[in-house]
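In: Provided below are the primary sequence and the corresponding predicted coordinates.
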Amino acid sequence: MCRIGAIKSKVPFHPSRALRLMLPQQEGHDNSGFAMVMQDLDGVFAGYKEQPLLSLACTQNGLKLVKDFMDASGFMPVKEYIPRVNRVAGLDIKAMPHYVFRAYDYPEYFRDRSRPEKEELLLDTRLELRRLLSENDSGYVFSFWPDVLTLKEIGDPKDIAVYFRLWDDNGALMAKNIVTQCRQNTNYDIVRYAAHPFFLQGYTLCANGENTFYTRNKEFQLSLHRGYTGFESDSQNFLYTLHYVLHELKWPISYYKHVITPLPFEEIQQRSDRRELDLIRQSLGHLEINGPNTIIAMLPDSRIMTCCDSKKLRPVVIGGDETTMAIASEVCGLQAILPHRDESRDIYPGEREVVVITPELEVERWKQ
């Protein structure tokens, strides 16, 4: 089993806190990787929330490819953070030569365009950068989005933290939301793109488990949206379905659960919304998932959600205090960062439940 986690706080915090959430869940690690998506940034990027932020790992040639493409596209760099890595001997890490986190101004001709138009531009730009880097075996681009920073690396999570100095709470990398996982992909090849969390147009998702309907999901999703690409992990299906339901169809979040784990037909017929649920099963049946899994997702409006498979075969717990809420696979993770919380208020979501943490740290729960 993998282990997954997320922290949402009213006060910006450092990635070291996310590491303290995850490392006690050690039996869920296999020392194969660490990844995190940070949203609602503070620190060095506090003043650049409207500018899209590019997160990538690459070679020297990759740096030139990215620079030439972004220059030709009219994107102007306005702020850059390059980690001051700690190259000590003996670290278990498959380090890339360069890691770049760079905020840009939109091309001048695009600055007055609508938000949906900008979202499409950022997606197309990331997909083209990914293609360029992949063709030349020159690196990986993980996200290109305002107020979002992504880091993915292969190796021992503790050593990755040492290498990037993530234990040093120096105020440079700070955020109010972090979703993280301390394990690489286990069902397919180990590559950086396969590491959870996954990101697309403001939507972030990581999963603990597997999806045995991967092929059916993938074949259908390939026809739905140009952004549904890669498929290095069966868990990417969860992200693409989340994006499709909320971003493309613009349905309420409660219907996401009805798409991935629909109710039995006999139960649907007893409900007042049976017409809608029947139509979901008929039109989106190829997005149903199967197998043991729990997901954690972060939405563009900064809400964080979690839900489980229809039998709840993977664990998850939610807890918090006045300033911070966290989600983890195991309660020991919550104990590590929130030892003084009221444990009687911890939530263990059921198999037919969607739990959402709002920006105000209120907890909303929906039953199927």
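Out: Done, it's in. Given the structure is predicted, the values throughout are model-derived calculations rather than measurements.
In: by contact count, what packs against the longest helix along the chain?
Out: Determined from DSSP state H, the single longest helix within the chain is helix 115-135. Counting contacts by 3 or more Cβ pairs under 8 Å, 6 or more residues apart in numbering; DSSP states H and E, helix 115-135 is packed against strand 52-58, helix 60-73, strand 139-146. (C-beta placed from N, C-alpha, C; glycine too.)
In: quick one: that helix to strand 139-146, angle?
Out: For helix 115-135 against strand 139-146, the angle by axes from the mean of the first three to the mean of the last three Cα atoms, to 10 degrees is 170 degrees.
In: pull helix 115-135 out as PDB, backbone CA atoms only.
Out: Extracted in PDB, the C-alpha atoms of helix 115-135 (Å, rounded to 0.1, in the frame of the first residue of the first chain):
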ATOM      1  CA  ARG A 115      -9.600  33.300 -17.600                       C
ATOM      2  CA  PRO A 116     -10.800  30.200 -19.600                       C
ATOM      3  CA  GLU A 117      -8.600  31.400 -22.500                       C
ATOM      4  CA  LYS A 118      -5.600  31.700 -20.300                       C
ATOM      5  CA  GLU A 119      -6.200  28.200 -18.900                       C
ATOM      6  CA  GLU A 120      -6.200  26.800 -22.400                       C
ATOM      7  CA  LEU A 121      -3.000  28.600 -23.200                       C
ATOM      8  CA  LEU A 122      -1.200  27.300 -20.100                       C
ATOM      9  CA  LEU A 123      -2.300  23.800 -20.800                       C
ATOM     10  CA  ASP A 124      -1.100  23.900 -24.500                       C
ATOM     11  CA  THR A 125       2.200  25.500 -23.400                       C
ATOM     12  CA  ARG A 126       2.800  22.700 -20.800                       C
ATOM     13  CA  LEU A 127       1.900  20.000 -23.300                       C
ATOM     14  CA  GLU A 128       4.300  21.400 -25.900                       C
ATOM     15  CA  LEU A 129       7.100  21.800 -23.400                       C
ATOM     16  CA  ARG A 130       6.500  18.200 -22.400                       C
ATOM     17  CA  ARG A 131       6.700  17.100 -26.000                       C
ATOM     18  CA  LEU A 132       9.900  19.000 -26.600                       C
ATOM     19  CA  LEU A 133      11.700  17.700 -23.500                       C
ATOM     20  CA  SER A 134      10.500  14.100 -24.100                       C
ATOM     21  CA  GLU A 135      11.700  14.100 -27.700                       C
END
